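**Q** coords below, sequence missing:
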């Protein structure tokens, strides 16, 4: 996987652009205030986010959204998958899109959309943290704090762990200038943006799905991804603790002996066999 592959001029199946990969924006504290704005749902949380930087953040965002090019960012995942975050700087249709792609796929999968016609969530907390922490090179940044904040608007989960506030507060402290990172982290995890929290399950489907009313990963909705596409998305996003694949079910944390996530049936293994090669190779050795 090289950086050129991870920063395509066009994303298959996704219209718009031109895309410009601007990792430097991730070093600007004011960028994060606008990026996270949709995640808050109360005046108190808004005050925690902006503080005295409200006007400066507004000016920064206006300049960002009036660019002719579309700022884009990439987070690489295992087995050559990648998450793309694209800012649509269109006057009448501005927003941020969160897409998952692999070079062998005909088109990228839209996981979440952060705009007036929001869609999501697209990521569970374990999936979000796994993408933030994988340290794979070639994307816009390997910094786990930046990755966590970059993908946060696509997240929604009603079962975040006890250490989630501390984890998010650490990222806010590292990448922003907010006065009370812990209080803001708590508010962000309580609000979870316009789509709100969703319950993630595996049983009965063989791959991770949720019950979000506006989620492409909710199989009960007419606009949801088809079963095969849901399976390959879930397989691509499944966390890997210590090089082993793990189930997203809260009750299951151990890998099975077959090289794919415990509790995840063979439909996922068949959908993305390359994802499970590492465990199989380890077992063979």
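**A** Received it, and whenever you're ready, just let me know what you need. What you see is a predicted model, and the numbers here were worked out from it, not measured in a lab. Numbering: from 1, shown residues only.
**Q** neighbouring contacts of the host helix or strand of residue 170?
**A** According to DSSP states H and E, residue 170 maps onto helix 164-175. With CB atoms under 8 Å, 6 or more residues apart in numbering as the test, helix 164-175 has contacts from 26, 29, 32, 125, 129, 143-146, 148-149, 152, 178, 181-182, 184-186, 188-189. Quick note: C-beta positions are derived from backbone N, CA and C, even for glycine.
**Q** In helices, which of these appear?
**A** Among those, DSSP state H puts 29, 32, 125, 129, 144-146, 148-149, 181-182, 184-186, 188-189 in helices.
**Q** Flag every buried residue along the helix holding residue 170.
**A** Residues of helix 164-175 classed as buried: 164-165, 167-173, 175 (neighbour count, 16 or more other CB atoms under 10 Å).
**Q** now, which of those sits nearest residue 204?
**A** Within the buried residues of helix 164-175, the smallest distance to residue 204 is 26.4 Å, found for residue 164 (CB to CB).
**Q** Output the below-cut-off pLDDT ranges for the chain.
**A** 1-4, 240-285 (pLDDT under 70).
**Q** Nearest residue to the middle of it?
**A** For the chain, the residue nearest the mean C-alpha position is residue 151 (3.8 Å; CA atoms, centre = their mean).
**Q** Might you report the residue contacts of it?
**A** Contacts of residue 151 by CB under 8 Å, 6+ apart are 75, 83, 85, 98, 123, 128, 131-132.
**Q** can you redo the residues you listed as JSON lines with neighbour count?
**A** Converted to JSON lines, the contacts of residue 151 look like this (neighbours: other CB atoms under 10 Å):
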{"residue": "75", "neighbour count": "25"}
{"residue": "83", "neighbour count": "26"}
{"residue": "85", "neighbour count": "22"}
{"residue": "98", "neighbour count": "25"}
{"residue": "123", "neighbour count": "28"}
{"residue": "128", "neighbour count": "26"}
{"residue": "131", "neighbour count": "29"}
{"residue": "132", "neighbour count": "21"}
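**Q** Could you identify the pair within those residues that is furthest apart?
**A** 98 and 132 (13.6 Å).
**Q** before we move on, the earlier item: from residue 123, how far off is the residue nearest to the centre of the chain?
**A** 6 Å (CB to CB, to the nearest Å).
**Q** now the helices for the protein?
**A** 3-6, 29-35, 43-50, 54-65, 125-133, 144-151, 164-175, 181-191, 227-237, 266-271, 277-284.
**Q** how about those in a markdown table, adding distance to residue 216?
**A** Putting these into a markdown table (distance: least, CB to CB, whole Å) gives the following:
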| stretch | distance to residue 216 |
| --- | --- |
| helix 3-6 | 23 |
| helix 29-35 | 21 |
| helix 43-50 | 26 |
| helix 54-65 | 24 |
| helix 125-133 | 14 |
| helix 144-151 | 15 |
| helix 164-175 | 23 |
| helix 181-191 | 21 |
| helix 227-237 | 8 |
| helix 266-271 | 16 |
| helix 277-284 | 27 |
